[in-house]
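> what follows is a predicted structure for the sequence shown.
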Amino acid sequence: MRRVVRVLTRAPSNIALIKYMGKKDAANQLPDNGSLSMTLDRLCSFVELSIGAGTSDPVEWLPELPEGAPAHARVPELEGPGILKVRRHVERVREAMPSLLEAFGLGASGDGASRQPFVLRTANTFPQASGIASSASSFAALTLAVAFACARDPDGFNKIYLENKSLVRALAALSRYGSGSSCRSFEGPWVEWEGEETHGVTSGLPELRHLVLVVSEKLKRVSSSQAHLAVKTSPLWQGRVERATARRVSLKAALALGELATISRIAWAEAWEMHSLFHTASQPFSYWEGGTMDLLQWLAPAMQGDSPPIVTLDAGPNTHLTCLSEQLEHWKGRIQRDFPGISVLEDQPGVGARLVQVQ
Ligand code: DP6
């Protein structure tokens with residue numbers, strides 16, 4: 001068995017069409033309603049974890065680009081509370097790993113490597129806190145990196161990870177404690193999260209492409225943790241769980257049949273409902289910027305076509321547009337012509353968190 005000294009993992013972000021908004025049990029990170037998302041691919045986070053690399057801190061985060069991450073990736077600006085959240089999550093995963101590994105017939109690192117100091121470097125390939133879920137991708141990549149660092153036989157672990165969805169889902173459940181939406185970034189492209197469980201969802205859709213229309217890169221004023229609490233003060237909260245559940249059931253049926261128009265209609269209604277909850281909270285707040293409304297008004301007529309784009313927003317000002325791959329150039333051209341000032345990030349559906357390298 002070789003001793004792990006350095007691990008590099010990569011996990012994509014995901015975009016929810018049925019939103020996780022509201023917690024039933026905050027201590028266990030259980031959502032009020034089930035959610036359903038599409039896992040992305042290139043919009044992702046990288047985590048490099050080095051073991052025992054000259055620090056006395058049990059977990060040290062360095063604001064440096066991970067070795068092996070693409071040069072265009074950006075190191076997030078983490079401050080005290082953010083670093084503490086990362087540390088706590090590392091300790092949580094490190095503690096849970098021996099019994100999890102054993103449950104899958106795998107051993108924990110016997111030489112104490114998993115108890116030596118960890119040095120972390122992290123980076124995202126997209127702007128931080130601008131409505132692309134960086135906490136989803138970074139906690140998924142972090143959970144996976146710590147898991148590999150704790151394994152006695154990283155190659156054996158990776159083999160089972162790639163073959164056995166139960167191991168993938170056990171890690172996703174652990175990741176949920178770091179950030180809820182991260183549990184949907186372990187597989188793909190379509191993932192449902194309900195209670196403690198995540199699983200893949202069948203899709204009959206043809207090849208898709210994803211565009212993020214970035215109207216603003218400003219940091220969020222209201223964190224999603226605050227938003228999960230605030231939505232319950234809205235008069236529109238009543239009936240929310242039932243409506244989200246009914247939409248999720250209809251969305252799954254439409255996905256299986258590849259009914260794009262139905263999927264698009266459901267996603268549009270769900271995005272508006274989540275943002276309406278924000279706008280009508282007892283202390284109303286909004287993630288939108290002026291450009292958000294311009295884009296939504298511009299997109300509204302397209303919702304009526306036979307193969308409309310799937311449009312949604314996360315907790316941020318930017319609009320997400322998923323379209324048939326054959327329509328990609330059409331949409332890019334129209335956006336460039338009518339909104340020359342906004343930048344567009346391009347992606348596609350992906351497979352979820354993966355090990356990149358282990359030494
Ligand atoms: C708006 O997963 O960021 O992106 O569990 O408190 O970390 P915590 O919340 P988080 O919430 C994401 C909410 C959302 C919708 C979604 O992705 O489902």
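Sure, I can see it.
> pull the contacting residues for A136.
The neighbours of A136, taking CB atoms under 8 Å, 6 or more residues apart in numbering as the test, are 11, 13-14, 179, 181-182, 184-185. Heads up, the C-betas are built off the backbone N, CA and C, glycines and all.
> apologies, that question was intended for V201.
Here V201 is in contact with 36, 190-192, 252, 255 (CB under 8 Å, 6+ apart).
> now intersect these with the helices, please.
In helices, defined here by DSSP state H, the members of the contacts of V201 are 252, 255.
> out of the contacts of V201, who has the most neighbours?
Tallying neighbours with other CB atoms under 10 Å puts L36 at the head of the contacts of V201, with 27 neighbours.
> show me what that one is bridged to.
Beta-bridge pairing of L36 under DSSP bridges involves I18, E192.
> from L78, how far out is S138?
10 Å (CB to CB, to the nearest Å).
> more crowded one of those two?
Neighbours per residue, other CB under 10 Å: of S138 and L78, the larger number sits with S138, 29 against 17.
> hang on, that one is in a strand, isn't it?
No - using DSSP: H, G, I helix; E, B strand; the rest coil, the secondary structure at S138 is helix, not a strand.
> which non-adjacent residue is nearest it?
Leaving aside its chain neighbours, S138 sits nearest to S45 (4.2 Å; criterion: CB to CB, 6 or more residues apart in numbering).
> from the chain's centroid, how far away is the helix or strand that the one you found is a member of?
For S45, the host element (DSSP states H and E) is strand 35-51. Chain-centre distance of strand 35-51: 7 Å, with CA atoms, centre = their mean, to the nearest Å.
> whether it contacts the ligand - can you check?
Yes - Strand 35-51 is in contact with the ligand by CB under 6 Å from any ligand atom, via S35.
> all strands of the stretch 201-350 of the chain, in order?
Using DSSP state E, counting those that start in this stretch, the strands of the stretch 201-350 of the chain run over 208-214, 310-313, 319-324, 343-347.
> what residues does the third one touch?
This points to strand 319-324. By CB under 8 Å, 6+ apart, strand 319-324 touches 15, 38, 206-213, 215, 260, 292, 295-296, 299, 307, 309-314, 330-331.
> now list the buried members of these.
For those, a neighbour count by 16 or more other CB atoms under 10 Å gives the buried set as 15, 38, 208-213, 215, 260, 292, 295-296, 299, 309-314, 331.
> hmm, G22 and V231 touching each other?
Yes - contact criterion CB atoms under 8 Å: V231 and G22 qualify, at 5.5 Å.
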